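Undergrad: here is my input, please return the structure:
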Amino acid sequence: MLDSMEFAIFLVAVALVFDFINGFHDSSNSISTIVSTRVLSPRHAVLWAAFFNFVAAFFIGTAVAHTIGQGIIHKDIIDNGLIFAALGGAIIWNLITWYFGLPSSSSHALIGGLIGAGIAKGGISTLVWSGITKTTVFIVLSPAIGLVLGYTFMVISLNLNSKSTMARSDNLYRKLQFVSSAIYSLGHGMNDAQKTIGIIAIILYSKGLIDSSFNIPYWIIIMCYSVIALGTMFGGWRIVKTMGTKITKLRPMGGFSAEAAAACAIIGSSLAGIPVSTTHTIAGAIVGVGSTKRLSAVRWGVAGHIVWAWVLTIPISALLSAIIYLALKYFCV
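TA: This is a model prediction of the structure:
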């Protein structure tokens, strides 16, 4: 049953469910700043973000998908049961964190799922340490880069507008936020949709439908970008308030600076084939923007809860996936 083509088709559907939940869960990252600064209503913001999530399909290749497909666990040990367990662990963790309003990383949940299921099947030797190291290093680097760039963009904006009135600055940056939000949503689509593309590529490879070079059919790319855009359109509303107002209060200048900073970091990582967390990056950028006022302007208690969610994502999703894989093997033998 697990090795059948029918189950492989079912797995593709499960991967698309993860893709939808990824967009649903992470839409808050794309819209929280532009909603909290009241540049767009939530309804219009999700449509804006979803459109640019999809358009990203035409701007970049599949470097991140190749990292997911070949750079976390050895592709030769992959089977349908392993993929199902990896997706199951990632989906469960995403839903848990969405329910509690915690902006965790869908990317790291998926990576944790692959690691947990891989170890459950073949032990530590199944892991590709070079890809895992690159990814885990950016667990720390992506929010740090977002923080530094957010702080820098905000300082530059403040200096450029030092002689302007608050009303004039707000009016200018309300317009600029349309641009920064669009570019951030492009970056989100570029990085996150490719993770599902990588998973579907693994499924097709395991059934001999694509070769080891992972030349991914274009219909898969369009399908995954469409589904993540649809998920974004439905929106993960529980997380919007945490990202948009609980970390620090944002005005249009701060919203623009945070979005522009996160977009630079995410697009750069996507071009390098590194599956980073868009959640981590935008949260770091928001903290960087808040820090330009004073350190007390950042609600460090809220930030600390978010960090704990980040720290726990990979190990918990790995544990969930390992349990699912072992249960699947036990009941399907």
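Undergrad: quick one: Y325 from D26, how far?
TA: Between Y325 and D26 the computed distance is 26 Å (CB to CB, to the nearest Å). Bear in mind the C-beta positions are built from the backbone N, C-alpha and C, glycine included.
Undergrad: again, but for T37
TA: The gap separating T37 from D26 is 19 Å, by CB to CB.
Undergrad: those two: who's more crowded?
TA: D26 (32 against 24; other CB atoms under 10 Å).
Undergrad: hang on, isn't the more buried one packed against T232?
TA: Yes: between D26 and T232 there is a contact under CB atoms under 8 Å: 7.3 Å.
Undergrad: quick check: which ranges of the stretch 201-333 of the chain have low pLDDT?
TA: 212, 235-249, 294-307, 309, 333 (pLDDT under 70).
Undergrad: ok, residues contacting stretch 128-146?
TA: Stretch 128-146 is contacted by residues 67, 70-74, 108, 111, 115, 261-262, 265, 269, 274-277, 280-285, 287-288, 310, 314 when judged by CB atoms under 8 Å, 6 or more residues apart in numbering.
Undergrad: what about these, which are in helices?
TA: 67, 70, 108, 111, 115, 261-262, 265, 269, 280-285, 287-288, 310, 314 (DSSP state H).
Undergrad: pull out the buried residues from these.
TA: 67, 70, 108, 111, 115, 261-262, 265, 269, 280-285, 287-288, 310, 314 (16 or more other CB atoms under 10 Å).
Undergrad: quick one: I68 and I200, what's the gap?
TA: 10 Å.
Undergrad: ranges for the helices of the stretch 51-200 of the chain?
TA: Assignment of helices within the stretch 51-200 of the chain using DSSP state H, counting those that start in this stretch yields the ranges 63-70, 80-99, 106-122, 129-160, 166-206.
Undergrad: for G81, what are its contacts?
TA: Going by CB under 8 Å, 6+ apart, G81 touches 2, 117, 121, 325, 328-329, 332.
Undergrad: where does pLDDT dip in the stretch 51-200 of the chain?
TA: The stretch 51-200 of the chain contains residues with pLDDT under 70 at 103.
Undergrad: pretty sure C224 is touching I199, no?
TA: No: judged on CB under 8 Å, C224 makes no contact with I199 at a distance of 9.1 Å.
Undergrad: give me the neighbour count for V12.
TA: Neighbour tally, V12, other CB under 10 Å: 17.
Undergrad: got it, and L250?
TA: 26.
Undergrad: over to V155?
TA: For V155, the count of nearby residues is 15 (other CB under 10 Å).
Undergrad: look up how far I200 lies from M223.
TA: Distance, M223 to I200, by CB to CB: 8 Å.
Undergrad: repeat that for A13.
TA: Taking CB to CB, one finds A13 at 10 Å from I200.
Undergrad: neighbour-wise, which of these two wins?
TA: For A13 versus I200, the count of surrounding residues by other CB under 10 Å is larger for I200: 25 against 8.
Undergrad: how far away is the more buried one from L141?
TA: 28 Å.
Undergrad: what's the answer for I156, then?
TA: Counting by CB to CB, the gap from I156 to L141 is 22 Å.
Undergrad: which one's more surrounded, those two?
TA: With neighbours defined as other CB under 10 Å, I156 and L141 compare such that L141 has more, 17 against 11.
Undergrad: who's in contact with S226?
TA: Applying CB under 8 Å, 6+ apart, the residues contacting S226 are F54.
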